[in-house]
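A.B. asks: Give me coordinates for this.
(chains A and B, ligands or ions: 2)
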Number of protein chains: 2
Amino acid sequence: MAKQVKTAVTPTRSEDYSEWYQQVVKASDMAEHSPVRGCMVIKPWGYSLWENIVKELDDLFKATGVKNAYFPLFIPLSFLEKEAEHVEGFAKECAVVTHHRLEKNEQGGLSPAGKLTEPLVVRPTSETIIGDSFAKWVSSYRDLPLLINQWANVVRWEMRTRIFLRTSEFLWQEGHTVHATDKEAVERTKLMLDVYAQLAEEYLAMPVIKGRKTKSERFPGAEDTLCIEAMMQDCKALQAGTSHFLGQNFAKASGIKFQNAQESEEFAWTTSWGASTRLIGGIIMIHGDDDGIILPPRVASSHIVLLPISPKEKDRTLVMEFTENLAKELRNTWYHNSRLRVEIDYRDTGGARGWDWIKKGIPVRVEIGPRDIADNSVFVGRRDKEHRDKKSYKRDEFISAIKDILDEIQQNLYNRAVSFRQAHMKSIDDKNAFYEYFTPENRETPEIHGGFAISHWCGSEECEAKIKEDLQVTIRCIPLDRIKENGKCICCGQSSQERVIYSKSY
Amino acid sequence: MAKQVKTAVTPTRSEDYSEWYQQVVKASDMAEHSPVRGCMVIKPWGYSLWENIVKELDDLFKATGVKNAYFPLFIPLSFLEKEAEHVEGFAKECAVVTHHRLEKNEQGGLSPAGKLTEPLVVRPTSETIIGDSFAKWVSSYRDLPLLINQWANVVRWEMRTRIFLRTSEFLWQEGHTVHATDKEAVERTKLMLDVYAQLAEEYLAMPVIKGRKTKSERFPGAEDTLCIEAMMQDCKALQAGTSHFLGQNFAKASGIKFQNAQESEEFAWTTSWGASTRLIGGIIMIHGDDDGIILPPRVASSHIVLLPISPKEKDRTLVMEFTENLAKELRNTWYHNSRLRVEIDYRDTGGARGWDWIKKGIPVRVEIGPRDIADNSVFVGRRDKEHRDKKSYKRDEFISAIKDILDEIQQNLYNRAVSFRQAHMKSIDDKNAFYEYFTPENRETPEIHGGFAISHWCGSEECEAKIKEDLQVTIRCIPLDRIKENGKCICCGQSSQERVIYSKSY
Ligand SMILES: [Zn+2]
Ligand SMILES: [Zn+2]
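C.D. replies: Ligands and ions are numbered 1, 2, ... in the order given. As a prediction, this is how the structure comes out:
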């Protein structure tokens, strides 16, 4: 008879995945909704995770020659209008600044005053405003390539929001590069996709599929959009980063021209690429369990929490000293490119204290009581194991082992995610089977179902649209490792030369 | 007979300080004006300096227990209205978002649509929006102190802007803390002022005076504003950081209450403190010379540039190899808390190349030619010395000396700034002398004049206002090391108990 296991988070993933997500965010103390429509407050535990992601990704960018800069928050309306598809894509979700003062009104309150002659849009992305600078910075082929990144906040007015996954304001980076040839720009587009894939797989323990978006899913104004797609535990896809080849579209819109080696003038070729705080939503959804989030050690807000236990007053000094010394030694230990991040929780709240840290997803918990100290030991719990599955280590043995323990946790999270994806990804060639795959048994409150269907597509937008309308399933990407093979389109039955990845998504 | 020395920047400081500043910014390639009114573009060389300041300041904050978080860019108008003095102080310079969509208009262009029911203000500072979160986060004395910082962009609509010193959008950090007692909040206010002073003196090589603002110069809504003031080379003061004791004003406005140990409810005591990209303007103005900026090594965008010289094709490989190897070894060398930042300039532009780096203010330039290599030497120029004053070092001798060279440059910059301030700061007790001190000989195009006058003030706002109106001179601060002494107010002649610092300012 199976024992009824109580979980730290209610509901469980299988009971209600969407509500589970909200409860996990709350239980982890990572973020909360703000009183400003659609905006979130990122609390210290969530922000620290973001800081670590930023640091690692920034290092990866810089290793490819990218430099950081900063451009204005506001974009004049006329700039946005320069690229037709681009403005079309963002017009419906722009925060618009129309005034630059507040003035007392007749009711004694304040009203906007000082109307701007041209409205300003709060940047939803910065191609057009950065393009204006690039047009000034580039004049010769000797100025190229120009490789720039900016860390910034952006605003896309969203009606239905969800913390980290879809918010009106979010934090991100946007890279923008300029090249002398289309070939070089295409290569940079791929290189930055590889950087995102490396971040996802090595640092976030998030396996991803690299692919190309269909025309209908491209970034507004791009010639080609590459993406990485990860599978969440409700079998839906999350787009975790995108890299766009912009052709000469934005160069023409902004006038980015250069004199080539033959001294004639050409329009340049540009790319842009971005990843955002959405990655945090991905970490939660790919690794979390029914006790809360599990943070991958390489970017974890903190690595280890020390939990001193001294029920008797007489032991307190001894326990505290042992704990502080251990913390000091651990904090001087390097784990990959940074020092170990160590918390000490001095609170005297018994078992609840340990559960708090489980819900926060910290990789390693270390209990330190008088008996452990007598044995020069510590009692260690790992977030990738059952909460009761703890192990005693001699103090020094623990210090030598900690890096391996963290790497093991990192690897386990990655392996689990790969296994999960393997279990929920399959080739489907029959239309009925395809429709069945993406239809929940319980239509009222759908259970977790579906996954990634690797199926044939004839290439027509009509078939793509039909599947989307019928099933809310989209082509997540045409894998870069193309699955070339003759077959029949899953929708219309016409002949097809390759398989693509279909899925529901965030 | 004095030789006519040509400077890299025109005009010189003494010819036209204000225009010198603009030209130095341009020559250094640190930043430029953007097409968006009052906003700047921070270019890679300027942004990298900011990144280094951020890193050091962030570490100093964290060492005092502060944690980072992130709050919304937008503040509902009603929040700003909660504190009367506060909204009064910022209403005249607010960017106001009134719409959340763009719609095609009859002229075929786009117009704002989707009017918001309540306008949103782009944060000029975040006391009120952060206060709303804090009211939720704090319920018991056990939750205190709450020590939070945010790195963010803010907007204060400015009519007359100047890059780094006064721009409509700027980057900054704002710290916000909550305490159970006024004493503890006052201590935190002072502690954070000390952190700013440490950043300025140890990292930016910028000597500062710690003081308290008069009531009329306080942050809108504060009970007390502490500041650090530095003297620029035109003898004007720059406020380089402020720390505010907010009393219970914002706690009452936002409802930040806690249950004390006696289980009764009280309003909390809060502080806020900030420093911004304005610091970069300060670095330029305090250290720059007539050849451009001089970057203090502790935060310099880069420490060293290697300048390979190979006029003959046959030497090229040798020179490049030597240069790359040297760069590699230097980049693996630690300087304080970070690795040495090393540039290689491969351009073949002769003397102009060296001057570019002088104008960029890089602390150390290293020339590497075939003859140096034959002698296993490098030829080293320092930005704190005359450009011709270079010295040959054996390669390994240079590598062992580089950290000391950088520390020496850092110290020299600091010492120069201290000497300059000493030469332009004096006690003045006579009203005529005071007026003369702050009056340029050439009223049309004022020469550099004045400085810090340490003079008596009776404490009346009338005297303060009179001096400001007559001379555009303000009380920069009442020094924390108070200059207690009986005397007579420099303005009205009434009795005064202490001296304050008067100066023109940015
Ligand atoms: Zn088809
Ligand atoms: Zn007076």
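
A.B. asks: Tell me who's in contact with the closest residue to ligand 1 within the stretch 151-300 of chain A.
C.D. replies: Nearest residue of the stretch 151-300 of chain A to ligand 1, counting by Cβ to the ion: residue A:214, 12.2 Å away. Yep, even glycine has a C-beta here, placed from its N, CA and C like the rest. For residue A:214, the residues meeting the contact criterion (Cβ atoms under 8 Å, 6 or more residues apart in numbering or on different chains) are A:461, A:464, A:475, A:478, A:500.

A.B. asks: Narrow those to those in strands?
C.D. replies: Among the contacts of residue A:214, the ones falling in strands (DSSP state E) are A:475, A:478, A:500.

A.B. asks: was I right about the last one contacting residue A:482?
C.D. replies: No - with contact defined as Cβ atoms under 8 Å, residue A:500 does not reach residue A:482; the gap is 9.3 Å.

A.B. asks: out of the two, which sits in the busier spot?
C.D. replies: Taking residue A:500 and residue A:482 together and counting by other Cβ atoms under 10 Å in any protein chain shown, residue A:500 has the greater number of neighbours (23 against 13).

A.B. asks: Secondary structure class of the nearest residue to residue A:480 once chain neighbours are set aside, three-state.
C.D. replies: Closest residue to residue A:480 in three dimensions, ignoring its sequence neighbours and counting by Cβ to Cβ, 6 or more residues apart in numbering or on different chains: residue A:210, at 4.6 Å. Put simply, residue A:210 is strand when judged by DSSP: H, G, I helix; E, B strand; the rest coil.

A.B. asks: try residue A:35
C.D. replies: Recorded secondary structure, residue A:35: coil (three-state DSSP).

A.B. asks: That one and ligand 1, how far apart?
C.D. replies: Taking Cβ to the ion, to the nearest Å as the criterion, residue A:35 is separated from ligand 1 by 47 Å.

A.B. asks: quick revisit: which ones are touching the residue nearest to residue A:480?
C.D. replies: Taking Cβ under 8 Å, 6+ apart as the test, what residue A:210 contacts is A:193-194, A:197, A:226-228, A:477, A:479-481.

A.B. asks: Now, those that are in helices?
C.D. replies: The subset of those located in helices under the criterion DSSP state H comprises A:193-194, A:197.

A.B. asks: Highest neighbour count among the residues you listed?
C.D. replies: Across the ones in helices among the contacts of residue A:210, the neighbour count under other Cβ under 10 Å reaches its highest value at residue A:193, namely 24 neighbours.

A.B. asks: Can you verify my assumption that it contacts residue A:243?
C.D. replies: Yes - under the contact definition of Cβ under 8 Å, residue A:193 touches residue A:243, with a separation of 4.3 Å.

A.B. asks: Count the residues that sit near the spatially closest residue to residue A:236 that is not a sequence neighbour.
C.D. replies: With Cβ to Cβ, 6+ apart as the measure, residue A:504 is the residue that lies nearest to residue A:236, at 4.7 Å, once sequence neighbours are left out. Burial measure for residue A:504: 20 neighbouring residues, criterion other Cβ under 10 Å.

A.B. asks: Could you check the pLDDT of the residue lying closest to residue A:347 once chain neighbours are set aside?
C.D. replies: In space, residue A:347 comes closest to residue A:353 once its chain neighbours are excluded; the distance is 5.5 Å by Cβ to Cβ, 6+ apart. Looking at residue A:353, its pLDDT is 94.
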